[in-house]
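**Q** Take this sequence and fold it.
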Amino acid sequence: MQIIKGFKRGEPTFIATLIEDTGSCDEAVPLPPCIEHVLDTNKDVMPAELPQRLPPRREVDHQIELVPGEKPPAMTPYRMAPPELEELRKQLKELLDAGHIRPSKAPFGAPTACVTRYGAFDWLVMPFGLTNAPATFCTLMNRLFHSYLDQFVVVYLDDIVVYSDNMEDHVEHLCKVFKILRDNELYVKREKCSFAQPIVRFLGHTISHGKIQMDSDKIAAINNWEAPTKVPELRSFLGLANYYRRFIFNYSAIAAPLTDLLKKDRAWNWSAACQAAFERLKLAVTQEPVLALPDFSKPFEIHTDASDFAIGG
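**A** I've put the predicted structure just below:
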């Protein structure tokens, strides 16, 4: 009935259908026996279910800075339908049994507490959704892997990249990473991991031995981008293109007509120069340039240049 009414009112209508995929997927390439042995030895770090207990005290505690003299806001329970209340009871029981929350008598309903019709509860672990939670977790991971950072480990939040020159070193590096995770009761999901890969995708880049490229999905997104019609759309496009600026020679000079439109009090005027700059950036990205990773054992040369609209080096 709602679809018919929408048709009569001339509203745009979209219909989605689900089709069973009966095609067979390619089998994963078997891992080398030495890697399989490492994974089997460290399977306790990759359990199917997380331990239902309070994790140990960490080196880093999450803190919420309060404005001096201010108090956290009080909150009333959200209204919920019966199915939602049933799910709430289920999740509260699971969190209580695991020791992740405890009943609270605090008069506040800050982000670290949840107020329900079944009572208020405090978090004993850092939950999702807190503004500074990513920074706190990143600080913890950097401390734990400090000795290995930029030696054979790169960490970004909960993504850990272990890189090695050969398989023998890779086995040793993986064992060291697993040991740190085990010693600190941190766990990973086996199905979300990949091991002994010649090519990895990380933070919007495709990285192989000595080479780095733009992620193909991001290239497609830029290539299919329609010409902006207002400032927010242009800002979104430049935000993505700017992320890959080191792949684009003379990026600032090419993008100058577009960045001028973002200046304060500048009237929107999508000129021929803007369209040309937009198309040049898309073309530069779709050429899929490849950068070589630096060899720090060799000397470097720095060439600088500057103009009224760009600085390069």
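
**Q** Please make it C-alpha for all contacts and neighbour counts, starting now.
**A** Will do.

**Q** So the closest residue to K282 other than its chain neighbours versus Q287, what's the distance?
**A** Nearest non-adjacent residue to K282, counting by C-alpha to C-alpha, 6 or more residues apart in numbering: N223, 5.6 Å away. According to C-alpha to C-alpha, to the nearest Å, N223 stands 10 Å off from Q287.

**Q** now swap in A272 and tell me
**A** 23 Å.

**Q** same deal with S164?
**A** In terms of C-alpha to C-alpha, S164 sits 29 Å off from Q287.

**Q** the more surrounded of the two?
**A** A count of neighbours by other C-alpha atoms under 10 Å puts S164 above the other of S164 and Q287, at 17 against 11.

**Q** thought that one was touching F152?
**A** Yes: using C-alpha atoms under 8 Å, S164 is in contact with F152, at 6.3 Å.

**Q** Which residues are in contact with each of these two?
**A** Common contacts of S164 and F152, defined by C-alpha atoms under 8 Å, 6 or more residues apart in numbering, comprise H173.

**Q** And the next helix or strand past the helix or strand bottoming out on mean pLDDT in the chain?
**A** Least confident helix or strand, the chain: helix 2-8 with a mean of 46, by mean pLDDT, DSSP states H and E. The element immediately downstream of helix 2-8 (helix or strand, assigned by DSSP states H and E) is helix 33-41.

**Q** What are the buried residues along that following helix?
**A** Buried positions in helix 33-41, judged by neighbour count with 16 or more other C-alpha atoms under 10 Å: I35, L39.

**Q** Could you shift the numbering so residue one becomes 28, and keep it that way?
**A** Yep, numbering from 28; the last one is helix 60-68 now.

**Q** List the contacts of it.
**A** Residues from elsewhere that reach helix 60-68 (C-alpha under 8 Å, 6+ apart): V198, L201, C202, F222, A223.

**Q** mind listing which of the residues you listed are in helices?
**A** V198, L201, C202 (DSSP state H).

**Q** who wins for neighbours among those residues?
**A** L201 (22 neighbours).

**Q** Enumerate every residue touching that one.
**A** Taking C-alpha under 8 Å, 6+ apart as the test, what L201 contacts is V65, V189.

**Q** Show the contacting residues for L261.
**A** P255, L285.

**Q** So for it, what's the pLDDT?
**A** Listed pLDDT for L261 reads 95.
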